[in-house]
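[1] for reference, the sequence and a predicted model appear below.
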Amino acid sequence: MVTCRPSGPDYEFEVSADPPLIYLDHWALRRLSENLTLGARFLGAFARRGTVMFSLMNVAELARDASPHRANEVRDFLERLGPYWIPMTIDPLRILGAEERGETADGTHPCLSVGFLTEPAFAARLTRGAVSLAHVVDLTRRPDGDDLIQTTNRKTAELRDCIQKFRDAYVANPKELDKRYPFLKFDAAKPMRGIYNALVHYTITDTFTLNDNHARDLYHAIASVRCAQMVTLDAHWAGQVGKLKLPPGFVKVYSEAELDAFLVDLEAAPVTR
């Protein structure tokens, strides 16, 4: 849950969460916002429990969707979430550093995205009424979303090229990858390193075609699996996470084919409000 208030020229934010922490991939946002029956089931269960973790990858995908009709559907859905959301980082290195140090440099939880909240235009809107994610959709509409799309495209290309270089290096010397990204035993106190190493390792060694979608999805899959308790991912990344053999109860991951199971589990989760 996010509350925001002006503090001189800046803003003060207070962030808290009711379990379970939920990450909705873009396909899940579309399905739940366009299908009234599915959306009603989610919102009915969500009214009593849960907090949505929303990332800059969600924002970027909204900006890339040029359909005004779909934008309005998603906006209405996000508005109905109310204040029960928190901004999630997609930077696994921030979380890695926090786990290794035992704390974050700025004193906030490592899964939170401070930059998300402190983006000036978004922060200003949060103080004008309900603290709603619907404002995100407004800020991604063209031409405002064009800069975000261009920045995302550039970073996606850089990451895709970097992964391809690792793939080429792996072909030349497979043993080097095991030194750089070794598989690690799960550590409940510091889970990110094992998740990060394994998903990067599989991305380099697997033979799937490396496209822009996979490059964009890599980091948000890593971060969501580390930070959330219920995670919706596309079938490819749900399969990749399935290879990690994470301990029961750490996180549950659902592909699009498992959306009904996701809703059933959310409906069965303990009431927290």
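    Everything's here; your move.

[2] most remote residue from the middle of the protein, which is it?
    What lies farthest from the middle of the chain is Ala172; by C-alpha atoms, centre = their mean that is 33.5 Å.

[3] longest helix of this structure?
    Criterion DSSP state H: the longest helix present in the chain is helix 146-172.

[4] tell me what that one is packed against?
    Packed against helix 146-172 by the contact rule (3 or more C-beta pairs under 8 Å, 6 or more residues apart in numbering; DSSP states H and E) you find helix 56-64, helix 174-180, helix 192-205, helix 212-227. All C-beta spots, glycine's among them, are computed from the backbone N, C-alpha and C.

[5] by contact count, what packs against the first one?
    Right, helix 56-64. Packing partners of helix 56-64 (3+ C-beta pairs under 8 Å, 6+ apart): helix 26-34, helix 114-118, helix 134-140, helix 146-172, helix 212-227.

[6] and the last one, what's buried?
    In this case it means helix 212-227. Using 16 or more other C-beta atoms under 10 Å as the test for burial, helix 212-227 gives 214-227.

[7] what's next to the lowest-mean-pLDDT helix or strand in the chain, contact-wise?
    Using mean pLDDT, DSSP states H and E, helix 120-126 stands out as the lowest-scoring helix or strand of the chain, at a mean of 73. The list of residues contacting helix 120-126 from outside it, by C-beta atoms under 8 Å, 6 or more residues apart in numbering, reads 2, 4, 11, 116-117, 132, 135-136, 138-139.

[8] cool, stretch 261-273 as well?
    Outside stretch 261-273, the residues touching it (C-beta under 8 Å, 6+ apart) are 18-20, 22, 28, 38, 41-42, 44-46, 48-50, 230, 232, 252, 254.

[9] for the closest residue to Pro110 other than its chain neighbours, helix, strand, or coil?
    Spatial nearest neighbour of Pro110, chain neighbours left out: Ala98 (3.4 Å); criterion: C-beta to C-beta, 6 or more residues apart in numbering. With DSSP: H, G, I helix; E, B strand; the rest coil as the basis, Ala98 sits in helix.

[10] doesn't Leu112 make contact with Ala98?
    No - using C-beta atoms under 8 Å, Ala98 makes no contact with Leu112, being 10.3 Å away.

[11] adding pLDDT and distance to Leu177, write the buried residues of helix 212-227 out as a markdown table.
    Formatted as a markdown table, the buried residues of helix 212-227 follow (pLDDT from 0 to 100; distance: C-beta to C-beta, whole Å):
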| residue | pLDDT | distance to Leu177 |
| --- | --- | --- |
| His214 | 86 | 18 |
| Ala215 | 85 | 18 |
| Arg216 | 85 | 22 |
| Asp217 | 90 | 21 |
| Leu218 | 93 | 16 |
| Tyr219 | 88 | 19 |
| His220 | 89 | 23 |
| Ala221 | 95 | 19 |
| Ile222 | 97 | 17 |
| Ala223 | 96 | 22 |
| Ser224 | 97 | 24 |
| Val225 | 98 | 21 |
| Arg226 | 97 | 21 |
| Cys227 | 97 | 26 |
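
[12] out of those, who's nearest Ser55?
    Nearest to Ser55 among these is His220, at 5.6 Å by C-beta to C-beta.

[13] contacts only, for the closest one.
    Per C-beta under 8 Å, 6+ apart, neighbours of His220: 25, 55, 57, 90.

[14] this completes my enquiry, with thanks.
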